[in-house]
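the sequence and its predicted three-dimensional model are supplied below.
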Amino acid sequence: MRNLHNLIVIVIITIIPKSLTIKSEFPDGFLFGASTASYQIEGAWNEDGKGENIWDKMVHSRPELVKDSANGDVACDSYHKYKEDVALAKDLNLNFYRFSISWTRIAPTGEMHKLNPKGIDYYNRLIDELLANNIEPMVTMYHWDLPQYLQDLGGWVNPIMVDYFTEYAKVLFSNFGDKVKWWITLNEPKETCRAYSNHSYAPYLNLNNTGYYMAGHIQLLAHSKVYHLYNELFRDKQKGKISISISGAFYMPKNESSVDDMEIADRANNFEIGWFSHPIYKGDYSPIMRKFVDRKSKEEGRPWSTLPTFTDEEIKLLIGTADFYALNHYSSRLVTSGSELDPSFNSDAEYSTFVDESWPVSIAPWLIVVPEGLHKLLVWIKNQYNNPPVIITENGYADDGRINDLERIDYIKSYLNSTLKAIYQNKCNVIGYTCWSLIDNFEWMDGYRYHFGMVHVDFNDPLRQRVPKASYQFYKNVVTNGKLDVQY
Ligand code: GBH
């Protein structure tokens, strides 16, 4: 009887598929955080000496561009209520809080010879409050709110931005670097490029592919210069880590057994995640991107490629400029041949996207739930870039703002589960996870229609009351216990 019992146990264990034996504990020292960004939460758009940025300018001069003509003038009023935000982060037991600095609070025009002491003081108070509560600040230097003056000079398509950004970073390192050990130079540079190319965000320009790739090129150079500045003047003393938050969907072949589709998916990933990763991890743009954009530019009869070229010196300076891989990821797509939105970067890359009908769609049409996409993306990053330490610096779900946000719980649970699979099945070196977002906030062109917060914010209440949702309690349990309770 006993032998039979043992035999049955052994048989059961051996027939359990691999995916069911994943450990539900995160590795020791795994970091949990939550993220926000200055324009999306702070409000106080013209207080205490803050200057005008491209979002202030756009929402005030062209209110019709944003859903419901919403704006970030008040947003969550975190400029005044930051202590409440920190208290929420503390109660969640977060290891770190990722927030961004509003450049025009530090210097109203973006030029560093005219600093605004009250703005610097605000971030010192926020950082001190975090540290007093044992929460590490992770600071994004730039989350899309460029000083309007610098935009008037051309913004990210003017190479002079490399120097302006470096001077700004120097002020941040000098003022906060003794207390901040985690830095993100730029948030989602690809999205900033879209803001120049196809009327997607402020500054709401339509410079097509030339503006698109140019803005990326200059952001890469700016990032690398800031990294070297830190090495030269600050690293020895401050001992922090620097990266750049790279965003992207993961692209999978529409037909898994089609060699063509597999090649197309790899190309799509090289155009998306690879655009900013390849120069930093391998040097220069990926050969596949170079080839396709050059060829398309030629076909169009252009005298030069829309994808700019790095000098040998610039390539050298770019390699190795990330101390960890910072990944913002929300969704995935299937790809096959064809092209969309001609002329566009998609048409350069020659792929078209599809979704699987079985994938759940959130209230935001682009945010389709594909947890296995994160698993595969983490493996792709491991294989492409030699298994760097990865912190997921954004991941989250959009809904209508309900308190009982069960879909958000499902989403976070499944994406965390994919993270565990990548760690234990594939030995991916994932060291942290950040939920977007701590609190509901201004969702850019979508105004306040889509909610990403684990905490509800009442935008009709002058006090902007914060109420934790169900997902808050869920995430608190995960963070506190360092494990995910999922059924295997
Ligand atoms: C992040 O961007 C941002 O960093 C953060 O500020 C933002 O609040 C958060 O995500 C949630 O959106 O399929 O053509 O409609 C995510 C940026 C937004 C990029 C939606 C892709 C869809 C383009 N993503 N966008 S489309």
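On my side now, so go ahead.

element containing the residue in the stretch 301-450 of the chain positioned nearest to the ligand?
Closest to the ligand within the stretch 301-450 of the chain is Trp366: 3.6 Å, counting by C-beta to the nearest ligand atom. C-beta: built from backbone N, CA, C; applies to glycine. Using DSSP states H and E, no element contains Trp366; it sits outside every helix and strand.

with Asp128 instead?
Using DSSP H and E, Asp128 falls in helix 117-132.

which elements pack onto that helix?
Helix 117-132 is packed against helix 78-91, helix 103-106, strand 136-142, helix 161-176, with contacts defined by 3 or more C-beta pairs under 8 Å, 6 or more residues apart in numbering; DSSP states H and E.

which residues are in contact with stretch 121-135?
Outside stretch 121-135, the residues that touch it by C-beta atoms under 8 Å, 6 or more residues apart in numbering are 48, 79, 82-83, 86-87, 89-90, 94-97, 99, 101, 105-106, 136-137, 175-176, 179-180.

now the buried members of those.
Neighbour counting by 16 or more other C-beta atoms under 10 Å classes 79, 82, 86, 89-90, 94-97, 99, 101, 105-106, 136-137, 175-176, 179-180 among these as buried.

let me see the ranges of the strands in this structure.
31-35, 96-100, 136-142, 182-187, 241-247, 250-253, 325-328, 332-336, 352-354, 390-394, 430-436, 455-457, 466-468 (DSSP state E).

tell me how far the fourth one lies from the chain's centre.
This means strand 182-187. Offset of strand 182-187 from its chain centre (C-alpha atoms, centre = their mean, to the nearest Å): 10 Å.

per-residue confidence averaged over it?
If you average the pLDDT over strand 182-187, you get 99.

what residues does the protein have near the ligand?
When proximity is defined as C-beta under 6 Å from any ligand atom, the chain approaches the ligand at 37, 40, 187-188, 191, 247, 328, 366, 394, 436, 443, 452.

can you rerun that using 5 Å?
Selection of the chain residues close to the ligand by C-beta under 5 Å from any ligand atom yields Trp366.

quick check, pLDDT for the residue most central in space within the chain.
Centrality entry for the chain: nearest residue to the mean C-alpha point is Asn328, 3.4 Å, by C-alpha atoms, centre = their mean. Note on Asn328: pLDDT of 99.

that one bridge partners, please.
With beta bridges defined as DSSP bridges, Asn328 has these partners: Ser247, Glu394.

tell me if I'm right that it and Ser245 touch.
Yes: taking C-beta atoms under 8 Å as the definition, Asn328 is a contact partner of Ser245 at 5.1 Å.

got any residues that touch both of these two?
Common neighbours of Asn328 and Ser245 (C-beta under 8 Å, 6+ apart) are 187-188, 393-394.

show me where the stretch 251-400 of the chain dips below the pLDDT cut-off.
340-346 (pLDDT under 70).

and for the nearest residue to Met58 once chain neighbours are set aside, the neighbour number?
Spatial nearest neighbour of Met58, excluding adjacent residues (C-beta to C-beta, 6 or more residues apart in numbering): Ala202 at 4.0 Å. Ala202: 26 surrounding residues under other C-beta atoms under 10 Å.

report the closest residue of the stretch 1-150 of the chain relative to the ligand.
For the stretch 1-150 of the chain, C-beta to the nearest ligand atom, closest residue to the ligand: Ala37, 5.0 Å.

residues contacting the residue nearest to that residue when sequence neighbours are not counted?
Here the nearest residue to Ala37 in space, its sequence neighbours aside, is His143; by C-beta to C-beta, 6+ apart that works out to 3.8 Å. Residues near His143 by C-beta under 8 Å, 6+ apart: 37-40, 100, 187.

try 7 Å this time
37-38, 100, 187 (C-beta atoms under 7 Å, 6 or more residues apart in numbering).

from the residues you listed, which two are the most distant?
Ser38 and Asn187 (10.3 Å; C-beta to C-beta).

how about the helices in the stretch 151-300 of the chain?
161-176, 189-197, 208-229, 235-238, 259-271, 273-281, 287-299 (DSSP state H, counting those that start in this stretch).

repeat that for the stretch 301-450 of the chain.
Counting by DSSP H, counting those that start in this stretch, the helices of the stretch 301-450 of the chain are 312-318, 345-349, 371-385, 406-426.

and the longest one, what does it pack onto?
Other elements packing on helix 406-426 under the criterion 3 or more C-beta pairs under 7 Å, 6 or more residues apart in numbering; DSSP states H and E are helix 371-385, strand 430-436, helix 470-481.

hey, which of those is tucked in deepest?
strand 430-436 (a mean of 25; mean count of other C-beta atoms under 10 Å).

what packs against that strand?
strand 31-35, strand 390-394, helix 406-426.

and with 8 Å instead?
strand 31-35, strand 96-100, strand 390-394, helix 406-426.

what's the closest of these to Asn383?
helix 406-426 (9.1 Å).

if we go by neighbour counts, what in that closest one is buried?
Applying 16+ other C-beta under 10 Å to helix 406-426 flags 407-424, 426 as buried.

the inter-axis angle of that helix versus helix 371-385?
Counting by axes from the mean of the first three to the mean of the last three C-alpha atoms, to 10 degrees, helix 406-426 lies at 40 degrees to helix 371-385.

got the CA positions of helix 406-426 in CSV?
Extracted in CSV, the C-alpha atoms of helix 406-426 (Å, rounded to 0.1, in the frame of the first residue of the first chain):
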residue,chain,number,x,y,z
LEU,A,406,-10.3,42.8,-9.9
GLU,A,407,-9.1,43.0,-13.5
ARG,A,408,-6.0,45.0,-12.3
ILE,A,409,-5.3,42.3,-9.7
ASP,A,410,-5.5,39.6,-12.4
TYR,A,411,-3.2,41.6,-14.7
ILE,A,412,-0.5,42.3,-12.1
LYS,A,413,-0.7,38.7,-10.9
SER,A,414,-0.3,37.3,-14.3
TYR,A,415,2.6,39.6,-15.2
LEU,A,416,4.3,38.9,-11.9
ASN,A,417,3.9,35.2,-12.6
SER,A,418,5.5,35.7,-16.0
THR,A,419,8.4,37.5,-14.2
LEU,A,420,8.8,34.5,-11.9
LYS,A,421,8.8,32.1,-14.9
ALA,A,422,11.5,34.2,-16.5
ILE,A,423,13.5,34.1,-13.3
TYR,A,424,13.2,30.4,-12.5
GLN,A,425,12.7,28.7,-15.9
ASN,A,426,15.1,30.8,-17.9
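
give me the mean pLDDT for it.
The average of the pLDDT scores along helix 406-426 is 98.

show residues contacting it.
Here helix 406-426 has contacts from 18-19, 22-24, 26-27, 360, 362, 369, 371-375, 378-379, 382, 392, 395-397, 399, 428, 430, 433, 435, 454, 469-471, 474-475, 478, 484, 486, using C-beta under 8 Å, 6+ apart.

can you check what angle separates that helix from strand 390-394?
Using the same axes, to 10 degrees: helix 406-426 against strand 390-394 is 170 degrees.
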